[in-house]
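Peer 1: My questions are about this predicted structure, shown below with the sequence.
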Number of protein chains: 2
Amino acid sequence: MERLTTASSVRFRLREARKAEQVIGYVPTMGALHEGHLSLIRQAGSECGTVVVSVFVNPTQFNDAADLEAYPRDLARDAALAEEAGADLLFAPEAGEMYPEGFQTHITPGALAKPLEGHFRPGHFEGVCTVVAKLLNIVQPDRAYFGEKDWQQLKVVERMVLDLNLPTAIVSVPTVREPDGLAMSSRNARLSPDARERARVIPYLLDTAQELLESATTETRTDSGPVLRQWLVSLLESHQPAAQVDYIAVMDPETLHEINEIRDRALVAIALHIGGVRLIDNRIITAPPR
Amino acid sequence: MERLTTASSVRFRLREARKAEQVIGYVPTMGALHEGHLSLIRQAGSECGTVVVSVFVNPTQFNDAADLEAYPRDLARDAALAEEAGADLLFAPEAGEMYPEGFQTHITPGALAKPLEGHFRPGHFEGVCTVVAKLLNIVQPDRAYFGEKDWQQLKVVERMVLDLNLPTAIVSVPTVREPDGLAMSSRNARLSPDARERARVIPYLLDTAQELLESATTETRTDSGPVLRQWLVSLLESHQPAAQVDYIAVMDPETLHEINEIRDRALVAIALHIGGVRLIDNRIITAPPR
């Protein structure tokens, strides 16, 4: 696996792969690689001739300086893991390579970026869109892989690619979970043993949401969305009253509008602070056939 | 010359040219082609193996609905002119192809887009950047040609391409002028014979700016920028007192900051309404060696 730090060297290196008509797959990451990232890299490897992984802790998508500071960084470890998972090229630029002096152009996403993370992390998705567009333009991949754990990010990026006619197919990959159901996240490493135990409430709520939707009580209600949401809020309060909730939302998975009657499927999205660590997760729940 | 109306057909058509390693040149236009556009197309033809011209009157860069409505449209004529100048492919999409339902992602330029046109046409450069990025992503040219008449647009687009790592070289082409010096513009056709005559004041001011800078009076002054600007304002008032001025500015050509002492070169940029038509023009003036 090659390691490169400049945009021009990445472009130069990929010219050969492109000439040879290899399919180029790309996995953008902020490092701190875990099984979730590795599943993206492995899937890229199974579908593409050349796999590029980037590691860049993008400062512009952090609205909280302390969060940026605390974000784990270990490039040597990330490089070893990426290579083992099948990466052919690792792009790990410095911030100055991505945002040179005079940088001033931004990408502003629309309605999809307003609720959920967009509401609680002002400017986050503008930072995400801008850096993802930059990275896509540097790598020019045929396929780029994004995890479903960051569902809203996936939808915002899909929309950006469509709206700006970026010549890359966005491939979404299911969330990888710990044996007890907790979604893989670089932030999990910051959980105390006690908080790690309490964090199990998140997958518990998501599994319960699916079960509640299947129950006879909700399936015929025209307000099944708000009712389900309220049940989940009450359930969290009874199981983990100390958890600080940013949101528990029941939404249309494509428009991210809140939905009243869940006809076929819905996104349940959750953001909680547990033991000082902010965790997000989601699940697409499906209504039983009537 | 082929005529195409969809992004996917353009991409498909250009795949062959790209495989054959032809240099792809691109000239984005809003139609109403004149000698200025044709000089861009001819230069592209002399430097590239395949020349793409687009004709798209982009609604999002018009802040004034009447201006959009009045913008001249004659695709048959434009197609004939583009072909004659050397275009191999004409891309003329409908608005719905460029902005389908749900479109919501925009590109927001920075400080370069604030003064001059950005000040007088709110939202204009956001519209320009968004559509230019889309078009560049559709055509994926090696080189894209922009006229120096829209100097600020040129600088904003250059910055966007740099900031977003778009893999296209921006080539700037000198302004083409009528025999009496008036810059070619699609809007010139809307001038009455009387207004057309009065519009000659614009190149007169720009030529005079160069001569004034060469004169002994300015060359050693630390406030030569504001002094020159004031002379031009007075000159306009004495020659065409009825002209409505949006701006007469003396600026650093790269940063578009107003400059006090003109050391080597400066941008003189002018926007006037003459006979109900808004005209813009500019000239880079150079100070004599001291």
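Peer 2: Alright, I've got the coordinates. Predicted model only: the values in this text are computed from it and were never measured. Numbers count the residues shown, from 1 in each chain, chains lettered A, B, ... in the order given.
Peer 1: Next, the closest residue to residue A:134 other than its chain neighbours: secondary structure please.
Peer 2: Excluding the flanking residues, the one nearest residue A:134 by CB to CB, 6 or more residues apart in numbering or on different chains is residue B:165, at 4.8 Å. (Each C-beta comes from the backbone N, C-alpha and C, glycine too.) Following DSSP: H, G, I helix; E, B strand; the rest coil, residue B:165 is assigned to coil.
Peer 1: ok, now the one 5 residues further on?
Peer 2: What three-state DSSP gives for residue B:170 is strand.
Peer 1: and it, how many residues sit next to it?
Peer 2: 19 (other CB atoms under 10 Å in any protein chain shown).
Peer 1: Just confirm it contacts residue B:144, I think it does.
Peer 2: Yes - at 5.7 Å, residue B:170 counts as touching residue B:144 under the criterion of CB atoms under 8 Å.
Peer 1: Can you dump the C-alpha atoms of the helix or strand bottoming out on mean pLDDT in chain A in CSV for me?
Peer 2: The least trusted helix or strand in chain A, going by mean pLDDT, DSSP states H and E, turns out to be helix A:65-70, with a mean of 88. What follows is helix A:65-70, C-alpha atoms only, in CSV (Å, rounded to 0.1, in the frame of the first residue of the first chain):
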residue,chain,number,x,y,z
ALA,A,65,-13.1,22.5,19.4
ALA,A,66,-12.8,20.1,22.3
ASP,A,67,-14.4,17.3,20.2
LEU,A,68,-11.8,18.0,17.5
GLU,A,69,-9.0,18.0,20.0
ALA,A,70,-10.2,14.7,21.6
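Peer 1: all helices of chain A, in order?
Peer 2: In chain A, the helices defined using DSSP state H lie at A:7-19, A:35-47, A:65-70, A:75-85, A:95-98, A:116-120, A:124-139, A:151-163, A:193-198, A:201-214, A:224-239.
Peer 1: Same list as before, those that is, but in TSV and with mean neighbour count included.
Peer 2: Listed next are the helices of chain A as TSV, based on neighbours: other CB atoms under 10 Å in any protein chain shown:
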stretch	mean neighbour count
helix A:7-19	15
helix A:35-47	20
helix A:65-70	11
helix A:75-85	17
helix A:95-98	14
helix A:116-120	19
helix A:124-139	24
helix A:151-163	23
helix A:193-198	14
helix A:201-214	18
helix A:224-239	16
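Peer 1: Please enumerate residues in contact with the least confident helix or strand of chain A?
Peer 2: Identification of contacts with helix A:65-70 by CB atoms under 8 Å, 6 or more residues apart in numbering or on different chains yields A:57, A:59, A:62, A:190, A:278.
Peer 1: now, which of those residues sits nearest chain B?
Peer 2: residue A:59 (15.1 Å; CB to the nearest CB).
Peer 1: Run a quick neighbour tally on the closest residue to residue A:87 other than its chain neighbours.
Peer 2: Nearest residue to residue A:87 in three dimensions, chain neighbours excluded: residue A:53, at 4.3 Å (CB to CB, 6+ apart). Applying other CB under 10 Å, we find 32 other residues in the vicinity of residue A:53.
Peer 1: if I read this right, residue A:75 contacts residue A:55, doesn't it?
Peer 2: Yes - judged on CB under 8 Å, residue A:75 makes contact with residue A:55 at a distance of 6.2 Å.
Peer 1: Please enumerate the shared neighbours of the two.
Peer 2: The contact lists of residue A:75 and residue A:55 share A:31, A:92, where a contact means CB under 8 Å, 6+ apart.
Peer 1: check contacts around residue A:73.
Peer 2: A:31-32, A:57.
Peer 1: One more: residue A:41?
Peer 2: With CB under 8 Å, 6+ apart, residue A:41 has these contacts: A:27, A:51, A:53, A:82, A:85-87, A:145.
Peer 1: Please apply the same query to residue A:213.
Peer 2: A:219, A:224, A:228, A:262, A:266, A:285-288.
Peer 1: and if we set it to 7 Å?
Peer 2: By CB atoms under 7 Å, 6 or more residues apart in numbering or on different chains, residue A:213 lies in contact with A:228, A:262, A:285, A:287.
Peer 1: Which ones among the contacts of residue A:73 map onto strands?
Peer 2: Among these, no member falls in strands (DSSP state E).
Peer 1: Let's see if you can find the most crowded of those residues.
Peer 2: Busiest of these [other CB under 10 Å] is residue A:31, holding 22 neighbours.
Peer 1: Can you tell me, leaving aside adjacent residues, what's nearest to residue A:277?
Peer 2: residue A:190 (4.9 Å).
Peer 1: Measure how buried that neighbour is and give me the count.
Peer 2: As a measure of burial, residue A:190 has 17 neighbours, counting by other CB under 10 Å.
Peer 1: What is the most widely separated pair among the contacts of helix A:65-70?
Peer 2: Maximum pairwise distance in the contacts of helix A:65-70, criterion CB to CB, is 18.7 Å, between A:59 and A:190.
Peer 1: sorry, back to before: and the residue nearest to residue A:134, how many residues sit next to it?
Peer 2: The number of residues packed near residue B:165 is 19, by other CB under 10 Å.
Peer 1: ok, it to residue B:13 distance?
Peer 2: Relative to residue B:13, residue B:165 is positioned 25 Å away (criterion: CB to CB, to the nearest Å).
Peer 1: Can you name the residues that contact the residue positioned nearest the centre of chain A?
Peer 2: The residue lying closest to the centre of chain A (CA atoms, centre = their mean) is residue A:150, at 2.6 Å. Residue A:150 makes no contacts at all, as judged by CB under 7 Å, 6+ apart.
Peer 1: try 8 Å this time
Peer 2: residue A:280.
Peer 1: Could you do residue A:283 as well?
Peer 2: Here residue A:283 is in contact with A:206-207, A:209-210, A:267-268 (CB under 8 Å, 6+ apart).
Peer 1: so how many other residues sit close to the closest residue to residue A:97 other than its chain neighbours?
Peer 2: Spatially, and ignoring its direct neighbours in sequence, residue A:97 is nearest to residue A:6 (5.9 Å; CB to CB, 6+ apart). Counted with other CB under 10 Å, residues neighbouring residue A:6 total 13.
Peer 1: isn't residue A:6 right up against residue A:96?
Peer 2: No - counting by CB under 8 Å, residue A:6 sits too far from residue A:96 to count as a contact (10.5 Å).
Peer 1: Let me know the closest of the contacts of helix A:65-70 to residue B:243.
Peer 2: Among the contacts of helix A:65-70, and counting by CB to CB, the member closest to residue B:243 is residue A:59, at 47.7 Å.
Peer 1: quick one: pLDDT of the closest one?
Peer 2: pLDDT, residue A:59: 93.
Peer 1: same question, residue A:55
Peer 2: 98.
Peer 1: ok, now which ones touch the residue lying closest to residue A:41 once chain neighbours are set aside?
Peer 2: By the measure of CB to CB, 6+ apart, the closest residue to residue A:41 outside its immediate chain neighbours is residue A:85, 4.0 Å from it. Residue A:85 makes contact with A:37-38, A:41-42, A:45 under the criterion CB under 8 Å, 6+ apart.
Peer 1: coming back round to it: which residues touch the residue nearest to residue A:87?
Peer 2: Contacts of residue A:53 by CB under 8 Å, 6+ apart are A:26-29, A:41, A:82, A:87, A:89-91.
Peer 1: between the residues you listed, which is nearest chain B?
Peer 2: If you rank the contacts of residue A:53 by distance to chain B using CB to the nearest CB, residue A:91 comes first, at 11.7 Å.
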